[in-house]
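*Asks:* below are the sequence and a predicted model for it; my questions follow.
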Protein chains: 2
Amino acid sequence: MTDQISTKKSKELQVQNVILHLTQGITLPENTVDQLITGTPSQVITGIVVTFMPTHYVIEKAIQQGANLIIAHESPFYNHHSATDWLADDPVYMHKRNMLDQAGIALFRCHDIIHRYNPDGITDGLIQELGWNTYLSQRTADTDIVVFPKGTTVHTVAQQLKERLGINYVRIAGNPEIACTRAAVLVGFRGNGHVTIPLMQNEQVDLIIAGEGFEWETPEYIRDAVQQGTSKALIMVGHAESEAPGMKLLADRLAIAFPAVEVSFVKERPVFEVI
Amino acid sequence: MTDQISTKKSKELQVQNVILHLTQGITLPENTVDQLITGTPSQVITGIVVTFMPTHYVIEKAIQQGANLIIAHESPFYNHHSATDWLADDPVYMHKRNMLDQAGIALFRCHDIIHRYNPDGITDGLIQELGWNTYLSQRTADTDIVVFPKGTTVHTVAQQLKERLGINYVRIAGNPEIACTRAAVLVGFRGNGHVTIPLMQNEQVDLIIAGEGFEWETPEYIRDAVQQGTSKALIMVGHAESEAPGMKLLADRLAIAFPAVEVSFVKERPVFEVI
């Protein structure tokens, strides 16, 4: 009897099987943010939704599709470490939490894991989405260095980013008309000065393409560099805009790894509009 | 002889006199970022430039105007604590540093000080620049709560912000068409979730107006709240855009306090343009 049950179960894909697959060969830091935030490891998977941000809308979509495992890059609870004590009485949190619990959704955070793939799964997804693989010059843990064809300007790079990522605007510091040969691509919150400024000198990049970063660091360095007569520029594409393609790529890979369940990527609209 | 010199000196305004004036009655935190970054306390002042960000351009302007004291809200060196060890070999830093030293500029950081005025000198400057004094409902250390006339929408508030601050765009999360009565105004980097989210519940504000904040916190909370059927919105105006008016107000006040020297506010263009 026990043997029969365990045989049956072994044929059914459980949440822990997917987590084991995702974490294979990865050493996570002690303070990792990656965890099963809701649900249980032994839950049998009815369908998988992969997303960048597990918003209320994305969870609704998962429920509509009959999926009970959401793999998300960011936290559902408006802070990096998914702390909930400060939100205990918050109605937006409670509504979202109840929806997750009542639908029996297992929500797994895949942030540190995918950034530790080699190459970084998020940066790789962005480069593939942009069709820039042939421009790749160098890959490090933090950044991809790309070399553009002669005659490329910051403006043309910005247009490519907008078209290929399907976004309405980017923010630019520096002069958009300058020619740019070498660029560093930095996803998510890697747009801060301690990451970008050494790259500009050590790797001689003239363009930083980043997701998000403090306004008083990289953009102000670029502004000063331009005022001093140097050709430098920064394109800030948005945190989600820079990282969602990596989660889409993960969805494609999971669909191949687990053909018995439906795996879909759910895209959100940009969180900001510019007026 | 000694007496004569000290009598003469006492008539000349020194950097330390202005610092004493600024810090009067203020208790700074132990890890304050406010300090004399270049120059000496005993330097005789030839003119004062007040600014938000002491960019290369602002320093050039000060030198052109014959001013040798710059009072700035932010750091000249692309990091909040003005660390320079990591920049020792950086050409942009070296160029800027040499310009400051060669021109004998005293650069004083006035960040924690002005935020500790009562009311907060930066928030006060923004409210005055916007002409919103009559809308004021409540002032705390972090935020001003304003109550708008009936019929005000997020869209009309955004238009007012753009016109009165002279900026080309704002970023909006949530629905710009909703009516908004109560708004919380949060300058600089006060746009993060641990500040904004409790305000939305405890103070029942339906609009957050902030300078800058993590993209995965407040905007995502607003997005979920709207998806749940609540009327909430966020306008992100930019860090500098929200804080420069407070430094302009400080310049006006210093001009009255020190009529013997020329005090001017130097404004920068927005560090980002949107394309």
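*Replies:* Sure, I can see it.

*Asks:* the longest helix in chain A is where?
*Replies:* Secondary structure assigned by DSSP state H gives helix A:239-257 as the longest helix of chain A.

*Asks:* pull the residues that contact that one.
*Replies:* Here helix A:239-257 makes contact (C-beta atoms under 8 Å, 6 or more residues apart in numbering or on different chains) with A:18, A:21, A:48, A:50-53, A:71-73, A:110, A:114, A:120-126, A:128-129, A:165, A:167, A:186-189, A:210-212, A:263-265, A:267-268, A:270-271, B:215-216. Where you see a C-beta, it was placed from the backbone N, CA and C, and this is true even at glycine.

*Asks:* which members of these occur in strands, if any?
*Replies:* Among the contacts of helix A:239-257, the members found in strands (DSSP state E) are A:48, A:50-51, A:71-72, A:186, A:210, A:263-265.

*Asks:* circling back: quick one: mean pLDDT over the longest helix of chain A.
*Replies:* Across helix A:239-257, pLDDT averages out at 98.

*Asks:* chain center to stretch A:139-154: distance?
*Replies:* 19 Å (C-alpha atoms, centre = their mean, to the nearest Å).

*Asks:* centre-most residue in chain A?
*Replies:* Nearest to the geometric centre of chain A sits residue A:243, at 2.9 Å (C-alpha atoms, centre = their mean).

*Asks:* without its sequence neighbours, what residue ends up closest to residue A:47?
*Replies:* Computed as C-beta to C-beta, 6 or more residues apart in numbering or on different chains, the closest residue to residue A:47 that is not its neighbour in sequence is residue A:67, at 3.2 Å.

*Asks:* any idea of the pLDDT on that neighbour?
*Replies:* Residue A:67 carries a pLDDT value of 98.

*Asks:* tell me the contacts of it?
*Replies:* Taking C-beta under 8 Å, 6+ apart, one finds A:46-49, A:262, A:264 in contact with residue A:67.

*Asks:* cutoff 6 Å now
*Replies:* A:47-49 (C-beta atoms under 6 Å, 6 or more residues apart in numbering or on different chains).

*Asks:* quick check: of those residues, which lies closest to residue A:81?
*Replies:* residue A:49 (22.7 Å; C-beta to C-beta).

*Asks:* sorry, back to before: of the contacts of residue A:67, which is the nearest to chain B?
*Replies:* Using C-beta to the nearest C-beta, residue A:49 comes nearest to chain B of the contacts of residue A:67, at 15.8 Å.

*Asks:* my guess is the closest one contacts residue A:268. True?
*Replies:* No - the pair formed by residue A:49 and residue A:268 falls short of the contact definition of C-beta atoms under 6 Å, at 11.8 Å.

*Asks:* residues of chain A that sit close to chain B?
*Replies:* A:55-57, A:74, A:78-79, A:90, A:92, A:95, A:158, A:169, A:171-173, A:193, A:201, A:212, A:215-217, A:219-221, A:223-225, A:227-228, A:239, A:271-275 (C-beta under 6 Å from any C-beta of the partner chain).

*Asks:* count of neighbours near residue A:33?
*Replies:* 18 (other C-beta atoms under 10 Å in any protein chain shown).

*Asks:* if I look at the nearest residue in space to it that is not next to it in sequence, how far off is residue B:192?
*Replies:* What sits nearest to residue A:33 in space, not counting adjacent residues and going by C-beta to C-beta, 6+ apart, is residue A:111, at 5.3 Å. Distance from residue A:111 to residue B:192, counting by C-beta to C-beta, to the nearest Å: 18 Å.

*Asks:* what residues does stretch A:91-101 touch?
*Replies:* Applying C-beta under 6 Å, 6+ apart, the set of residues contacting stretch A:91-101 is A:38, A:56, A:59, A:87, B:224-225, B:228.

*Asks:* buried stuff in that stretch?
*Replies:* Buried residues in stretch A:91-101, defined by neighbour count with 16 or more other C-beta atoms under 10 Å in any protein chain shown: A:92-93, A:95-97, A:100.
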